[in-house]
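Asker: Any chance you can model this:
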Amino acid sequence: MDHLLYIAMSGAKENMNGMALRSNNLANASTTGFKADFEQARSMQAFGEGLPTRVFSLTERPGQNFDAGAVIMTERELDVAIQGDGWLAVQAQDGNEAYTRSGSLQISPLGMLETVTGLPVLGDDGPIQLPVPLAKVEIAQDGTVSALPLGAPADAIAPVGRIKLVRPVNNELDKGTDGLFRRKDGQIAEASADVSLLKGALEGSNVNAVGEMTYMISLQRQFEIQVKMMKSAEEMDRQQNQLLRIVG
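Answerer: Next comes the predicted model:
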């Protein structure tokens, strides 16, 4: 009897984890550059003292949906969208290099080129620093950032750095809890000349809201079934005890 109860209990728990993952996808349906997470369930044997006679359910996040989101034209000079495969290199809060497809950029009061979440955008030689105050900033298709200092003549605009654009294989990447991607082996991806940017545009989230809602309904139904199985196990256990008392 405990076999049934254990499977149903662990299954219900992992159904709730799956719903949390799908809820997170749905909550980021409008987040620039967001990549939806996948989840799947499988059975796992419980190892410990004695024989592995118990099996429990396990929900995993085996990967992400790397399909490109819809391109949204903004005409903003600091908005860029990656065309095709590729990533922008940024400096994560832990100081290490990470990758994102969110190209909504800004300039800090100190002249640092950053994402809208305040992460420094990396160039070939580290974070990109611009001279402030600025009259104009241009980002070329290859990631070259050019700046025109305030008060300088129009022809004085000059390159100040180049955004590091990388193109690692998707299955080499892992998504962190901060939403940034990193290589699974911990190595730094090399800059790629094959990645190009589209100026004045952003890549939207690739979350399919209708699909996520459908998955959540399915997971909720599975959760209800698991709860019914636990109730059935409780009822069978009660009837078994009654039968033992009668026999005894």
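
Asker: What is the least confident helix or strand in this protein?
Answerer: The weakest-scoring helix or strand in the chain, judged by mean pLDDT, DSSP states H and E, is strand 54-60 (a mean of 68).

Asker: Am I right that residue 25 falls within a strand?
Answerer: No. Counting by DSSP: H, G, I helix; E, B strand; the rest coil, residue 25 is not part of a strand but helix.

Asker: What residues does the most centrally placed residue in the chain make contact with?
Answerer: When CA atoms, centre = their mean is applied to the chain, the residue found nearest the centroid is residue 179 (4.3 Å). With contact set as CB atoms under 8 Å, 6 or more residues apart in numbering, residue 179 has these partners: 34, 100. C-beta here means a position set from N, CA and C on the backbone, and glycine is covered the same way.

Asker: Quick check: the gap between residue 132 and residue 225.
Answerer: Residue 132 sits 60 Å away from residue 225, taking CB to CB, to the nearest Å as the criterion.

Asker: Show me where the protein dips below the pLDDT cut-off.
Answerer: Counting by pLDDT under 70, the chain contains low-confidence residues at 1-2, 50-62, 247-248.

Asker: Any buried residues in the top helix by length along the chain, and which?
Answerer: Using DSSP state H, we find that the single longest helix of the chain is helix 209-247. In terms of neighbour count (16 or more other CB atoms under 10 Å), helix 209-247 has its buried residues at 212, 215-216, 219, 222-223, 226, 229-230, 233.

Asker: Reformat those residues as a markdown table; add distance to residue 117.
Answerer: Output for the buried residues of helix 209-247, formatted as a markdown table (distance: CB to CB, whole Å):
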| residue | distance to residue 117 |
| --- | --- |
| 212 | 23 |
| 215 | 27 |
| 216 | 27 |
| 219 | 30 |
| 222 | 35 |
| 223 | 34 |
| 226 | 38 |
| 229 | 43 |
| 230 | 42 |
| 233 | 47 |
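
Asker: and the helix or strand containing residue 3 with helix 209-247, angle?
Answerer: Taking DSSP states H and E as the definition, residue 3 sits inside helix 2-27. Counting by axes from the mean of the first three to the mean of the last three CA atoms, to 10 degrees, helix 2-27 points 160 degrees away from the direction of helix 209-247.

Asker: Packing partners of helix 2-27?
Answerer: strand 40-46, strand 54-60, helix 209-247 (3 or more CB pairs under 8 Å, 6 or more residues apart in numbering; DSSP states H and E).

Asker: wait, which of the ones you listed is closest to residue 173?
Answerer: Nearest to residue 173 among the helices and strands packed on helix 2-27 is strand 54-60 (16.4 Å), distances taken as CB to CB.

Asker: What is the helix or strand just after the closest one packed up against?
Answerer: Using DSSP H and E, the helix or strand that follows strand 54-60 in sequence is strand 71-73. Strand 71-73 sits against strand 201-203, with contacts defined as 3+ CB pairs under 8 Å, 6+ apart.

Asker: What are the contacting residues of the strand it packs on?
Answerer: For strand 201-203, using CB under 8 Å, 6+ apart, the contacting residues are 32-33, 68-74, 79-82, 101-104.

Asker: what do you get for stretch 135-154?
Answerer: Residues outside stretch 135-154 that contact it (CB under 8 Å, 6+ apart): 77-78, 80, 105, 107, 113, 123, 128, 130-131, 133-134, 156-165, 193, 195-199.

Asker: Narrow those to just the buried residues.
Answerer: The neighbour count (16+ other CB under 10 Å) marks 78, 80, 105, 107, 113, 123, 128, 130, 157, 160-165, 195-199 as buried among the contacts of stretch 135-154.

Asker: Strands - which of those residues land there?
Answerer: 80, 105, 107, 113, 123, 160-162, 165, 196-199 (DSSP state E).
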